[in-house]
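# Could you work out the structure for the sequence below:
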Amino acid sequence: MKQQYLFAALAAALVQAPAWAAEAPKPAATLLASAAVSGASHNESLSPTQNLVLGTALLLDKEREAFEMQQVFRLALYLRPLRRVYDPNPDLVRNGENPNIEQIYTDRIKKTLGPDLLRRIDQMKLTHGDMEKYLREHGALFGVDWKKAPEFALVEYAVNDFHEQIAPPKTIDPKDKPDYFIANSIKQISGRQPGDGKKLFEGICASCHGMDGQGRFPPIVMKSYLSLHSDHEHFEIVKGGPPQKPGSPIVMPTFGDKLTDEQMWAIVKYLRTWEKNWADPKNVRRGEAEAKAAKVKFYSTPEVRKIWESKDPNVVLLDLQSDIAYRIMGHIPGSLHIRPEELGQKLKKISKDKEIIVIDMFGSQGLAPAAELAKAGYKTAYLADGMMDWHIVRDYPVEY
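Numbering: from 1, shown residues only. Have a look, this model is predicted:
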């Protein structure tokens, strides 16, 4: 069986879906999809979105050589927000989300595929029988019940298949990852009671990620991060750690051998509650006030694009993404990439006569470095919403 890789997860667990997957209210589109799969004839044609996603996944499986790596990167990223449209999780906060998001990302998927691959999908003449076959035969993913939310499962499985292609070719074996001590008082928290997820997170995860979840990369409670990750992915990250290359400066331990599924799932559900935090405009990112106090200038994404297009030689676009983010999320053409942990030793590459625009992935983890640069006398600015906004939301030019 092929290994199932996600953006930051290891093998998917073959376990029963959680209660919310069976009981949660579904978006209207998902309800229609559920009815279509359960009641439609196997020979009935698929909806445009179902046809596009299934056809793309089948092409990847059968004709991997037909895809350039840049297409794989882009398709993986454009499928992620499309998946959120159908996610049955009742804890998602949808206020303020673009109502046209499905059209936006299906259009981008079509553009990325191009006319030839789209023709191949049309020639497949896919039906509900083909979709059910794919869902039945795909390796099950934790927290995903394809019978109750088939369209969500279809996109989730497709995301999984594409991320299998872009995971690092050689990763640290889970048995070689560092051990992690968990106090007995924390181990005794069952994960079944209200508030257990918060207690487990603060007792285990906060040592690296911070009590506010905005510590070491990635900032796992930011809305920009949560909007690109499903609870299934988070479960796999907690269980097996992200796939990391040998030599990575920070290695996340595995917890599948230390916590029960219920404990890990409680942590995952707690992370999702942070969406409600960002629904309140009074709440700001860690480091935002400090950066503004240090006179860091905040630029919107369209403002940075205008600066980039002007090719001003007095501006340096400083990309502080990690290697894997730089590779998968992409980067603004012409930007200077420095790993966050190497910034101090490589500052001499940057002239104080130029304006530095700090860029990160989610619009949060670069705030502290930007403030430090400003305090050190550099003319510093910040791409306020990160590469997530540049690439995923606005579809501006990127390189990999």
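
# For stretch 280-295, give the mean pLDDT please.
Across stretch 280-295, the average pLDDT comes to 91.

# what pLDDT does the residue located most distally from the centre of the chain get?
Here the chain reaches farthest from its C-alpha mean at residue 353, the gap being 36.0 Å by CA atoms, centre = their mean. On the pLDDT scale, residue 353 is placed at 91.

# which non-adjacent residue is nearest it?
Sequence neighbours aside, residue 314 is the residue nearest to residue 353 in space, at 7.3 Å (criterion: CB to CB, 6 or more residues apart in numbering). C-betas here are computed from N, CA, C, even on glycine.

# What strand or helix carries the residue farthest from the centre of the chain?
Element membership for residue 353 (DSSP states H and E) is empty, with no helix or strand holding it.

# coming back round to it: okay, now the residue nearest to residue 353: neighbour count?
9 (other CB atoms under 10 Å).

# Number the chain from 19, please
Yes, from this point I'll number from 19; that puts the last item at residue 332.

# That one is in contact with residue 370, isn't it?
No - using CB atoms under 8 Å, residue 332 makes no contact with residue 370, being 11.5 Å away.

# still on that earlier bit, any idea how far residue 389 is from the residue nearest to residue 371?
As for residue 332, its distance to residue 389 is 21 Å (criterion: CB to CB, to the nearest Å).

# now do residue 279
As for residue 279, its distance to residue 389 is 40 Å (criterion: CB to CB).

# out of these two, which sits in the more crowded spot?
Comparing residue 279 with residue 389 by other CB under 10 Å, the one with more neighbours is residue 389, at 23 against 16.

# Could you check how far the more buried one is from residue 402?
Distance check for residue 389 against residue 402: by CB to CB, it reads 14 Å.

# what do you get for residue 276?
Look at residue 276 and residue 402: by CB to CB, they are 38 Å apart.

# how does this protein divide into domains?
As recorded under automatic domain parsing, the domains making up the chain are 37-184, 192-296, 306-411.

# want to throw those into CSV with distance to residue 418?
Listed next are these as CSV, based on distance: least, CB to CB, whole Å:
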stretch, distance to residue 418
domain 37-184, 6
domain 192-296, 16
domain 306-411, 5
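
# what's the least confident stretch among those domains?
Least confidently modelled of the domains of the chain is domain 37-184, at a mean of 85 by mean pLDDT.
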